[in-house]
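Colleague: could you look at this predicted model? Sequence included:
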Amino acid sequence: MQIPDWQNAVVISGRTARRLLDAPAGPLEVSLDLGRSRSTVQVEKDRVVLPDGRRPGKAALADSFSEPEDCVEIADGEPRKVYIYDRALRCYYKLFQPFEDRPPTIVINGATMHPVRGAGPWEGTEQMVREVPARPGECLDTCCGLGYSARMLARRFTTLTTCEVDRNVLTVASLNPWSEGLFRSPNVHVHYADLRDYVAESRDGRFACVFHDPPTIYQAGELYAEELYAEFHRVLARGGVLYHYVGTPGGRWGRDYAHGVIRRLQSTGFRNTRRVTGGVLAVRRRA
């Protein structure tokens, strides 16, 4: 599959849509890119006039969202929720903004792909990326998603390579204003590929870092397997670093998945394994 192009779309939140519907006639300052910038629109009786001349009708705007956290693309003047249903996969995807004017997450079949309590999607990713020491060389970001980690890691490494196995996720990312760096940063390379296949085809010692932020173990247990960890060890350069997001699934029931991750990493040759923000940091031994 060809990676989708960056859409530079007009996207507003359900909260912003409600403000537009409730506002009196006249100018109104809002964000047309989910909080990245501010613009002035003209509110009329039955429609809204955007700075580029598009004129979405209020009736269509009201029908385009059901929750304040929904995200609405205004394409060719017609508003529509950023939502995909894949019949073959029996799976739906939507852009979801938990906090107004801050980066959204993606929801897949009801599961959010970033933590939305406490730190938001962007801040939570920043906390994880800060655990990774910057160095020259290539970094592999294993699970692209909306590309937040890829964008941040690209500032810390010479080259950033990221994989995404789901074409629908990349399509949603192409509409997300906060994912621009994924498509437009010159040192970011996106591959539509199964992570396990991509790693298996990579040469020994290729990467200075592997940043592994998979879905939960309930959703993608194969991405927590010892066989994959052994491949990470192989493709890391000597002294290379693996960051593995684990989170706290099962915490309410006293389950410590990070302990199992550390044990499996150690069994495949990783050293200096330790718990850090969000997960585990491990080093490939130099000898």
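Modeller: Here it is on my side, so go on. Bear in mind the structure is a predicted one, so any value in this text is a computation, not a measurement.
Colleague: drop to CA atoms for contacts and neighbour counts, all remaining ones
Modeller: OK.
Colleague: please, where are all the strands along the stretch 1-150 of the chain?
Modeller: 11-13, 26-30, 39-43, 48-49, 71-75, 78-81, 83-86, 91-96, 105-108, 111-112, 138-141 (DSSP state E, counting those that start in this stretch).
Colleague: now those as a markdown table including distance to residue 121 and mean pLDDT?
Modeller: Shown next, in a markdown table, are these (distance: least, C-alpha to C-alpha, whole Å; pLDDT from 0 to 100):
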| stretch | distance to residue 121 | mean pLDDT |
| --- | --- | --- |
| strand 11-13 | 16 | 98 |
| strand 26-30 | 22 | 98 |
| strand 39-43 | 24 | 98 |
| strand 48-49 | 30 | 96 |
| strand 71-75 | 15 | 96 |
| strand 78-81 | 20 | 94 |
| strand 83-86 | 19 | 98 |
| strand 91-96 | 11 | 97 |
| strand 105-108 | 6 | 96 |
| strand 111-112 | 10 | 88 |
| strand 138-141 | 16 | 98 |
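Colleague: strands paired with the lowest-mean-pLDDT helix or strand in the chain, and their directions?
Modeller: Every helix and strand in the chain was compared by mean pLDDT, DSSP states H and E; the lowest is strand 111-112, with a mean of 88. Strand 111-112 has the following strand partners under DSSP bridges: strand 105-108 (antiparallel).
Colleague: run through who's touching the partner strand.
Modeller: Here strand 105-108 makes contact (C-alpha atoms under 8 Å, 6 or more residues apart in numbering) with 91-98, 112-114, 121, 145-146, 169, 172.
Colleague: likewise stretch 161-168?
Modeller: 1, 84, 86, 93, 138-145, 150, 170, 188-195, 198.
Colleague: same question, stretch 205-214
Modeller: With C-alpha under 8 Å, 6+ apart, stretch 205-214 has contacts from 135-143, 220, 223, 232, 234-246.
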